[in-house]
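Student: sequence first, predicted coordinates after that:
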Amino acid sequence: VIPHLQETLQELYTTLLPNRDGRIADYIPELSRANPDHFGIAVTEVSGKTFKTGDTEVPFTLQSVSKPFVYALALKELGAEAVHKMVGTEPTGMAFNSIIRLEEGSDKPHNPMINAGAIAVTDLLKTPKDKSRLDHVLEYFSDYAGTKLHLDEKTYLSERLSGHKNRAIAHLLRQYNRVGEDFEASLDLYFQHCSIVIDTAHLSQMAATLANGGIHPTTLKRVIDARHVKDVLSLMFTCGMYDSSGEWAYAVGIPAKSGVSGALMAVVPGKMGIATFSPLLNRQGHSVRGSLAIRALSEKFGLSVF
Ligand code: GLU
């Protein structure tokens, strides 16, 4: 679809690799072990063709990139109306783990892309008869990735031990009846889906499934209904980049979701899924090299949805 894409990715990689701005997330101890030199960029077109450069096979955890997919699963299981009784559709203008809006607002988490909203949505997920909720989530995510995904137990346990703020959010949600009695198990599941392992090449396939209206571009499996793709992408567009979502929408113009591991995923509807990985983060928790790479791709190829 796009001429000279491979050369462009290579150029971006070479230009951005020397950029050492940003910091590795260390509030989850296991994440602080990341290598700041790692940098990968991958694009999967809706035709199924993948272009990649750099460290695209290095494993990392999804972190908050899991949020749109968990939201998608809840939409599938319960429908949009039931899900949005528990979580809103408004950006907060605050950091990803902010607790303030919950207290001062309607006591309903603003949207599914921030921690409070994602914990509430995780609590809604059904327990299948024949498997655990974790296995169910893993299978669902694997359909987007086109490969079998697994959990990084160390990162999960590391966040479980150190995630006091998320625990506080979960308790506040319980106080406001936004999560059920078994919310501790849902918080565990939240830590687990944040700790699912992926690489840049497969993350671009996850994004491409959303770009392709919900059908994985090579397995051709329908993973999510088209109407729910619309829901997921709208909220990624307005809320996916936390307190820089407005700037991102203005400057880059495509729905995106970041994770504090250094993962970043962007979706160009009808065209391609883009993924980057580089663990040095800016103040909002987005990968510095990844954000610059996706912004440059958008500018060069006119990818803004407008
Ligand atoms: N697991 C992380 C947390 O809850 C996800 C945050 C992120 O990736 O933005 O703090």
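Tutor: Perfect, I can see it now.
Student: which residues does residue 215 form a beta bridge with?
Tutor: With DSSP bridges as the criterion, the beta-bridge partners of residue 215 are residue 222.
Student: my read: it touches residue 208, true?
Tutor: No: with contact taken as CB atoms under 8 Å, residue 215 and residue 208 are classed as non-touching, separated by 9.7 Å. Where C-beta positions appear, they are placed from N, C-alpha and C, glycine not excepted.
Student: who's more crowded, the two?
Tutor: residue 208 (32 against 17; other CB atoms under 10 Å).
Student: low-confidence ranges in this protein?
Tutor: Counting by pLDDT under 70, the chain contains low-confidence residues at 1, 105-106.
Student: strands of that one, start to end?
Tutor: Assigned strands in the chain, in chain order: 40-45, 50-54, 60-61, 197-198, 256-258, 263-268, 272-277 (criterion: DSSP state E).
Student: let's have those strands in a markdown table, adding distance to the ligand.
Tutor: Converted to a markdown table, the strands of the chain look like this (distance: least, CB to the nearest ligand atom, whole Å):
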| stretch | distance to the ligand |
| --- | --- |
| strand 40-45 | 17 |
| strand 50-54 | 21 |
| strand 60-61 | 8 |
| strand 197-198 | 13 |
| strand 256-258 | 6 |
| strand 263-268 | 8 |
| strand 272-277 | 13 |
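Student: got these as a markdown table, with distance to residue 168 and mean neighbour count columns?
Tutor: Conversion of these to a markdown table gives the following (distance: least, CB to CB, whole Å; neighbours: other CB atoms under 10 Å):
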| stretch | distance to residue 168 | mean neighbour count |
| --- | --- | --- |
| strand 40-45 | 34 | 27 |
| strand 50-54 | 37 | 22 |
| strand 60-61 | 22 | 26 |
| strand 197-198 | 27 | 22 |
| strand 256-258 | 22 | 29 |
| strand 263-268 | 25 | 29 |
| strand 272-277 | 29 | 30 |
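Student: now these as JSON lines including distance to residue 125?
Tutor: Written out in JSON lines, the entries for the strands of the chain read as follows (distance: least, CB to CB, whole Å):
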{"stretch": "strand 40-45", "distance to residue 125": "27"}
{"stretch": "strand 50-54", "distance to residue 125": "30"}
{"stretch": "strand 60-61", "distance to residue 125": "19"}
{"stretch": "strand 197-198", "distance to residue 125": "19"}
{"stretch": "strand 256-258", "distance to residue 125": "18"}
{"stretch": "strand 263-268", "distance to residue 125": "21"}
{"stretch": "strand 272-277", "distance to residue 125": "24"}
